[in-house]
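*Asks:* Below is the sequence, then the predicted model.
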Amino acid sequence: MSPASVLTVTDALVFDGENPELVRGNVTFKDGLITAIGAQEEGELLDAAGKVLVPGLIDAHFHAYAISLDGFRNERGPLSFAALAGAKRLGEALSRGFTTVRDVAGGDIGLSSAIKAGLLDSPRYFYTGPALSQTGGHGDPREADVDVCFGHGHMCEVVDGIEPLRVAVRERLRTGAHAIKMMASGGVVSLTDPLAIPQYSDEEIAVVVAEATRRGSYVAAHAYSPAAIAHSVRNGVRSIEHGNLLDARTAALMAEHGAYLVPTLAAYAAMDRRGDEVGLSEVSKAKNLEVLTAGGEAIKLALAAGIPVGFGSDLMGDLADEQLNGLALQIEAVGVFETLRSATSVNAALLQEPTLGRLAPGMAGDALLLDGNPFEDASVLYDESRPRTIIQGGRMHSAS
């Protein structure tokens, strides 16, 4: 990182995170913030030579501790190993231009404290702690014929009933969780739950939402089917994760309740192409086929209904290197502008962080200088071989 406290990117085409028009000018970063956009030159100068500067990217569905696609392997190993592996995953995400991530199912105050102390290069880190799962739900890693107890691990905890859920939420918020994650439908990598069936009762979801809301937080729910999505938002869930099987009627319901959609297209494409390589079970391969091609259409339905659409990757194990491919797939579905908005200003609004996701005076000094104009050549966003310069907190992290 550069030791300079003042940095000016000169002659940049600036995408501010919200508007499709690019504005040519200089952007000055001072003491971790953007202080000016215009003609000002101050401190260390970085010549953009007419290349495009965008806000630092935000991945709203990240898993630091997902060292494998095997649920038991993720949950049963030493936390020290998971944390060291997570540190590596976080550093790699930053090098791709993701200056902020939201870890939904995992993370803890120890990893967060290490990041804040500057012990590792990492995006800004928001975490939910272990996701809440009902017995036999998406976060329960046991196969049907496995006769062992499972209570909790690094990514998921099995919690049933109103009062145990109340305590679990309070414990997460006590230890610094940004939001609460629930498993509200079946999932691809879980082995005993159909994708479409809603999980948790109305009363169970409602108490989790009530506890989170009272603390100024919110609930993110893993949900695929219209039934599971409707079940979640009617009970106050703010963020629907995945949502691949969304239909128009349920999209209207989401819009009515002010819910967000966080699609995760990269995960399904990666599991389809590389399932054998990463040891994906036959059960999971079959489930993945159910949602593989539907995600892009769900995004279009959501945008048409006026739903804020974010961006997430949801990559586990060795598939983490597919993170930028998620941008390519979302661009294929809805274009460069909507995808850039999703990965910047929309995700910042989802995180309730008004200083992130935009390039404007007073905003956090997070930006990504691309090797060209993504509105003319989208590959500059997702081709990892193209040079990119990452600025986080007003300081250059790397240039490649």
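*Replies:* All right, it came through fine. Residues are numbered from 1 along each chain as shown.

*Asks:* And Ala117, how far from Leu111?
*Replies:* 11 Å (Cβ to Cβ, to the nearest Å). C-beta here means a position set from N, CA and C on the backbone, and glycine is covered the same way.

*Asks:* Tell me which of those two has more neighbours.
*Replies:* Leu111 (25 against 8; other Cβ atoms under 10 Å).

*Asks:* so what's that one up against?
*Replies:* Residues near Leu111 by Cβ atoms under 8 Å, 6 or more residues apart in numbering: Ala64, Ala83, Gly86, Ala87, Tyr125, Tyr127.

*Asks:* so where's the stretch 51-200 of the chain shaky on pLDDT?
*Replies:* Scanning the stretch 51-200 of the chain for pLDDT under 70 picks out the ranges 71-72, 140-151.

*Asks:* That one: strands as residue ranges?
*Replies:* 52-55, 57-62, 98-103, 124-127, 131-133, 156-158, 180-183 (DSSP state E, counting those that start in this stretch).

*Asks:* so which of the contacts of Leu111 comes closest to Ile391?
*Replies:* Tyr125 (17.4 Å; Cβ to Cβ).

*Asks:* thinking that closest one is in contact with Gly106, fair?
*Replies:* No - distance between Tyr125 and Gly106: 10.9 Å, which falls outside the contact criterion (Cβ atoms under 8 Å).

*Asks:* can you list residues touching both of these two?
*Replies:* Here Tyr125 and Gly106 have Ala64 as joint contacts, going by Cβ under 8 Å, 6+ apart.

*Asks:* Sort out which residues of the longest helix belonging to the chain are buried, please.
*Replies:* In the chain, assigned by DSSP state H, the helix with the most residues is helix 79-95. Using 16 or more other Cβ atoms under 10 Å as the test for burial, helix 79-95 gives Ala82, Ala83, Ala85, Gly86, Ala87, Arg89, Leu90, Ala93, Leu94.

*Asks:* hey, C-alpha coordinates of it in CSV?
*Replies:* Provided in CSV are the C-alpha atoms of helix 79-95 (Å, rounded to 0.1, in the frame of the first residue of the first chain):
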residue,chain,number,x,y,z
LEU,A,79,-11.4,-22.7,13.4
SER,A,80,-7.8,-21.6,13.2
PHE,A,81,-7.4,-23.3,9.8
ALA,A,82,-10.7,-21.9,8.6
ALA,A,83,-9.6,-18.4,9.6
LEU,A,84,-6.3,-18.7,7.8
ALA,A,85,-7.9,-20.1,4.7
GLY,A,86,-10.5,-17.3,5.0
ALA,A,87,-7.8,-14.7,5.2
LYS,A,88,-6.4,-15.9,1.9
ARG,A,89,-9.8,-15.9,0.3
LEU,A,90,-10.4,-12.3,1.5
GLY,A,91,-7.0,-11.1,0.2
GLU,A,92,-7.7,-12.6,-3.2
ALA,A,93,-11.1,-11.0,-3.3
LEU,A,94,-9.5,-7.6,-2.6
SER,A,95,-7.0,-8.1,-5.4
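
*Asks:* Now find how far off-centre it is within its chain.
*Replies:* Mean C-alpha position of helix 79-95 versus that of the full chain (Cα atoms, centre = their mean, to the nearest Å) differs by 15 Å.

*Asks:* Likewise for stretch 29-46?
*Replies:* Here stretch 29-46 shows a centroid-to-chain-centroid distance of 29 Å under the convention Cα atoms, centre = their mean.

*Asks:* How about stretch 158-170?
*Replies:* 24 Å.

*Asks:* go on, stretch 110-127?
*Replies:* 16 Å.

*Asks:* what about Ala114, how many neighbours?
*Replies:* Ala114: 16 neighbours (other Cβ under 10 Å).

*Asks:* I'd guessed it sits against Asp108; true?
*Replies:* No - using Cβ under 8 Å, Ala114 is not in contact with Asp108; the gap is 10.2 Å.

*Asks:* follow-up on the earlier one: can you tell me which of the strands of the stretch 51-200 of the chain is nearest to Phe337?
*Replies:* That would be strand 52-55 among these, by Cβ to Cβ, at 11.2 Å.
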